[in-house]
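Colleague: here is my input, please return the structure:
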Amino acid sequence: MFNNLVTALFTYGRIETTEAKAKDLRGYAEATIGWGISVHELVAKGDKATKDERAKIVHARRQARLTVMTRGAMDRLFTEIGPHFASRKGGYTRILKTRVRKGDAAPMAFIELVGLNGQAPAA
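Modeller: Alright, predicted model coming up:
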């Protein structure tokens, strides 16, 4: 379930879920963003990366793939999200409490990537 939520968060930049799920999701998302940050400089080199640097990129992509389910979200992690958060030491997500869900009265919240304003990537 959390893998799908992380994938949706990376795809859309902002999702609404229950407050409890959002708090648990934060750890998964921030750990996965760490893989994107760890190799953002190597990814920027492109074809000029050495064999060892390419091996580090492959390792980071494989580790992130354990959490991220779609190619689009994976590409966004390594091309947009990783470089965006490279200068930060943490706190990549924000939780905003929104409402109480009708039916079961569960507290709802938005979880979003800080600084990306919850915007989906340009198509």
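
Colleague: from here on, just use CA atoms for contacts and neighbour counts.
Modeller: OK.

Colleague: would you mind listing the buried residues in the longest helix belonging to the chain?
Modeller: The residue-count maximum for a helix in the chain (DSSP state H) belongs to helix 19-38. Applying a neighbour-count criterion of 16 or more other CA atoms under 10 Å, one finds 19, 21-22, 25-26, 29-30, 32-38 buried in helix 19-38.

Colleague: what of stretch 78-90?
Modeller: By neighbour count on 16+ other CA under 10 Å, the buried set for stretch 78-90 is 78-86.

Colleague: elements contacting the helix or strand containing residue 75?
Modeller: Applying DSSP states H and E as the criterion places residue 75 in helix 71-76. Judged by 3 or more CA pairs under 8 Å, 6 or more residues apart in numbering; DSSP states H and E, the packing partners of helix 71-76 are helix 2-12, helix 51-65.

Colleague: any idea which residue of this structure is furthest from its center?
Modeller: Each residue of the chain has a distance to the centre, and by CA atoms, centre = their mean the biggest one is for residue 103: 30.0 Å.

Colleague: which helix or which strand is home to that one?
Modeller: Under the criterion of DSSP H and E, residue 103 resides outside all helices and strands.

Colleague: now it: phi and psi?
Modeller: Its backbone dihedrals place residue 103 at phi 110, psi -60, with angles given as degrees, to the nearest 10.

Colleague: distance-wise, check it relative to residue 89.
Modeller: The span separating residue 103 from residue 89 equals 39 Å under the rule CA to CA, to the nearest Å.

Colleague: where does residue 67 fall, phi/psi-wise?
Modeller: phi -110, psi -40.

Colleague: how many other residues sit next to it?
Modeller: Other residues near residue 67 come to 19 when the count uses other CA atoms under 10 Å.

Colleague: that one reaches residue 31, doesn't it?
Modeller: No: taking CA atoms under 8 Å as the definition, residue 67 is not a contact partner of residue 31, at 9.6 Å.

Colleague: residues contacting the residue lying closest to residue 99 once chain neighbours are set aside?
Modeller: In this structure, residue 99 finds its nearest non-sequential neighbour in residue 108, 5.3 Å apart by CA to CA, 6 or more residues apart in numbering. Neighbour list for residue 108: 16-19, 97-101 [criterion: CA atoms under 8 Å, 6 or more residues apart in numbering].
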